[in-house]
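Undergrad: requesting a structural model of the entry that follows:
(chains A and B)
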Amino acid sequence: MYQYRRFNNKNGFFQKFGNLDYILLSCLLILGFISLATMYSTDGGEVLFHTRSHFIKFVVFFSMMLVISFINIKFWFSLGYLSYAVILGMLIWTINFGITASGSKRWIDLYFLNIQPSELMKIFIILCLAKYFHRMKAQHVNSFYSLCFSLIIIFVPMSLVIIQPDLGTSLLIAISGIVVLWFAGLNHKYFFYSCLLSIISLPIIISFLKPYQKLRVLTFLNPDRDPLGAGYQIIQSKIAVGSGGFTGKGFLKGTQSYLEFLPEKHTDFIFTLFSEEFGFIGSVLLLLIYSIIIYRVIRIGALSRSYFAKLFCYSFGTSIFIYVVINMSMVLGLLPIVGSPLPIMSYGGSSMLATMIGFGIVMSAKTHSQQSIA
Amino acid sequence: MININISDSATKLNSLNRRMFILATAKIIILGGIVSRLFFLQVKENKKYLTLSDKNRIREWKLPPIRGEFQDYFGNTIAGNFEAYQLHIIPEEVEDFRYVIYRVKELLELSDKQFKKIVKKKNEIKPWETLIVADNLSWEKFSKINNHLYDLNGVKPVISISRDYPYKENFTHVLGYVSQANENDLLTNENIKEKFVPGLKVGKTGLEKSFEQKLIGSNSVERYEVNAYGRRISQLAFQKGDKGETIKLTIDTKIQELTNELLKEKAGSICVMDIYTGAIIAMHSSPSFDPNSFVFGISQDEWQLIRNNPMKPLVNKSLSGNYSPGSTIKPIVALSALENEIIKPDFTVQCKGHKNPLELYGQTYHCWKKEGHGFVNLREAMKQSCDTYFYEVARRLGVDRLSVTAKKFGLGQKVFKDVFDNEKKGLVPNTEWKKNALGRNWVLGETIITGIGQGFIQTTPIQLCLMTAQIANGGYKIYPKIVANDDNQYADKFIPLYKKSRNIKIVQDAMFSSTNEVRGTSYRSRLDDPKYRFAGKTGTSQVKKITELDRELDLKTFQIPYEERDHALYVAFGPYKSPRYALSIIIEHGGSGGTVAAPLAKKLFKMIVDRHEIRKNYDNKKYLDI
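TA: Got it, this is the predicted structure:
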């Protein structure tokens, strides 16, 4: 089969169609279905705003992903810097003209929809850096110049997001960028030293944090210090997950969410609700679906011919993994509370859009796996 | 576009794949970590979090227990319950307290004073405690509030069970009253503390207080599922509490009502007792007050009116009124003298009147009758209540022997033991008592005045009633009871209190003559029909020492200032041919016992004897057979 495709340099539409990764697609569809069911539960067992909106977004963005799959990976390669620049411009626009909601300016009004550029940046920073390293010779990767350039690429959007303020997303952007750097072959010692440095400078960083952020860190260390205030979210979240038990309380029967003990149950804490209703079994199944998705993404990268596609797939897969891990650790009380959505599951258009674009590019890498980028 | 040479691209790919492999390993480890965390929370610690979750979502509300009722002997409810319409607010649950409270003020047409009181109360309680805005609304206002509930977030109209005393002031001193439990009630009674809910009413005095444990009942518990904001979502369970016990008294409401009527506008007490069972048929202290006004807290004005009344409505005179028994002690003095064989019934003393009073160590002791009684024996002396005769008997008897007999017949100790916490013991003096209490020796003059029930001796009306009952039943010990099914078996119940039963007969006969024979002190109050005929002894106890001047002036009762007037007393038993009931009457500052107290007995005995048939039939359940 592999041989057969090599002889067919021209990739026809039907061939591309046949080349789609159906396992990945079905996993995404299952995940979408699960997220819709969970959203239905957050609405109290009715089709209300969140469910409807999430459904529309999922359908639109999933279709968009399919469309992207048929666009040649070369197109995305060529778009690498431009898209990064556009999103950066949007971030700057956000700072000046963004919509303020719950104390931070995160959204820009595009008349037909509100968009959160910081979420998009999570994907496009990978695209940009993948393109940057694709062209680079192996010996140049660790050069001072390239290091500086890539760090600037990471730090500019990160700082733009920090001043919104949105610590969680900016950290995720940075992590996405750093993941690319890692795969690009940046010397291990840089990671080692920067890790060491950040640990040493942790107290200094904490002193620069906003009071509410400091509180989150303190709360993480001891949630019981203020069970009704700062510690409330994490305590209630743990209660919800823990009370779910092995098999869960049953669909639509999660008391913690139904009785509104759970904060942010549509977005960051959606896993809590899912876990309360479907228990340990459900949670492990969900993790399994995510694992399959990530595995497929990385496999597509492994099968791709071009370095760019490989780098993008690996980084994107790893980023998704990190998003999932951070979100779950957060709701399970393993990490301090930072705003980080669970990909696809959480309510939020921009996050869904970004994730679907990412999967679209991955899928495009699959359909054009024989495409080499000069 | 830069051309990538093959070897360079190969190194890059190698490095990429190697690093991917490292990361994949790390990912599996991290995933394992997440799964183990999930396992820890959901499987291992599941119980703990399940409990926490239930604690989150389930909240219990205690409802006030329903208080047990009091019934009279015939099963009529004398302290019951009614549904009171109340308005509660939990300040914590109200978004805009100011708005709501002003709206409520408007709807209920509260006065500024009432309004201020509510606001003050709100500031005193914790925000999650219930603020009772109104505790007894009329139906109109209650429905008005209900119609405006959409506007009054957090306001709760509540139908609560509350105490009701249908006979108003008739039973006040027997039953006492209930009112809001205060801190003191919670501290002294564990049971109240356990069952406390805002608005809980507990007994403050009387039987309501004594029988609190039995009456209080147990709380109903409502279990609700609540959301994060404490809003009730659904009721999970309702656990019905038990109503408190119903306590049946021995009192006959009809007679109780009559006593109230007889004592109207007077200060005093009437006690009626069954001389064999000791059952209290009526016990009333006047003036009384309406206990219903205490249920929802009495207004300051009303309270001051009751408190400052010179006739002392708050004092239960039947149990806590200490009075000199006056001549009503004479049956005991006579009995004691006969028992100790100091005198024989034909022992005679000459009463010479005011001109020649008994003189002892420079003190003079007058009989009440100015002209004197002449030569009197025991029967005549009792009949006419000759003081001179009893001075002489007391002198010969001595106070110590008198006190033994008096105590035997129930004077100087609590009649109801622990049933009423406000009961007084009274005082039967003797030489030893005086030495211990006052540190001085007893003097003979004190013995002499004790013989006519003056001086140190103090008795409560219920003691006099018990004393009379025990003389009437032939001299056997009885234990008075007010709760119908109180069948405490005392070992010494019905033991004879006499040495010779003939002595009791002599005293009974003397008391009979006092009421039914010409020149008897209460002859005018007699009932001639043998069915109703009763025997009694009048008493007039001095509040103030009579001076020579007073004696000369010889003022009529209404001419003396109220506080200085004599207490009028009367003890009696009947019907004489087969006695069944004894009574004691005291009218504070009423004047002479014969003219003021004894006529009440006449009216009482008519009804008591008539009611006896009904009572007997009720006992035999005859009415149930119809």
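
Undergrad: wait, residue B:293 sits on residue B:300?
TA: No - using CB atoms under 8 Å, residue B:293 is not in contact with residue B:300; the gap is 11.8 Å. Glycine gets a C-beta too; all of them are placed from N, C-alpha and C.

Undergrad: any idea how far stretch B:233-242 is from the middle of the chain?
TA: How far stretch B:233-242 lies from its chain's middle: 34 Å, per CA atoms, centre = their mean, to the nearest Å.

Undergrad: looking at residue B:293 and residue B:300, which has the bigger crowd around it?
TA: Between residue B:293 and residue B:300, residue B:293 has the larger neighbour count (other CB atoms under 10 Å in any protein chain shown), namely 17 against 9.

Undergrad: what does the pLDDT read for the more buried one?
TA: For residue B:293, the pLDDT comes out at 88.

Undergrad: likewise residue A:13?
TA: 77.

Undergrad: how about residue B:548?
TA: Reading off the model, residue B:548 has pLDDT 77.

Undergrad: swap in residue B:173?
TA: 92.

Undergrad: okay, now it: neighbour count?
TA: Residues near residue B:173, counting by other CB under 10 Å: 29.

Undergrad: right, and it touches residue B:316 too?
TA: Yes - using CB under 8 Å, residue B:173 is in contact with residue B:316, at 4.0 Å.

Undergrad: low pLDDT regions in the stretch 501-626 of chain B?
TA: B:621-626 (pLDDT under 70).

Undergrad: then chain B?
TA: B:1-6, B:487, B:621-626.

Undergrad: dump the residue contacts of residue A:68.
TA: A:356, A:357, A:360, A:361, A:363, A:364 (CB atoms under 8 Å, 6 or more residues apart in numbering or on different chains).

Undergrad: let's go with 7 Å and repeat that
TA: A:357, A:360, A:361, A:363, A:364 (CB atoms under 7 Å, 6 or more residues apart in numbering or on different chains).

Undergrad: just the element for residue B:86, please.
TA: Assigned by DSSP states H and E, residue B:86 falls within strand B:77-89.

Undergrad: for the helix or strand just after that strand, packing partners?
TA: Moving toward the C-terminus from strand B:77-89, the next helix or strand (DSSP H and E) is helix B:97-108. Counting contacts by 3 or more CB pairs under 7 Å, 6 or more residues apart in numbering or on different chains; DSSP states H and E, helix B:97-108 packs against helix B:139-147.

Undergrad: so what touches the helix it packs on?
TA: By CB under 7 Å, 6+ apart, helix B:139-147 touches B:85, B:87, B:107, B:108, B:157.

Undergrad: residue B:311: what's its closest spatial neighbour, skipping adjacent residues?
TA: residue B:267 (3.9 Å; CB to CB, 6 or more residues apart in numbering or on different chains).

Undergrad: that neighbour: neighbour count?
TA: Neighbours around residue B:267, by other CB under 10 Å: 23.

Undergrad: for it, what are phi and psi?
TA: Here is the backbone geometry of residue B:267 (degrees, to the nearest 10): phi -100, psi 130.

Undergrad: same check, this time on residue A:342
TA: When quoted as degrees, to the nearest 10, the phi and psi of residue A:342 stand at phi -90, psi 120.
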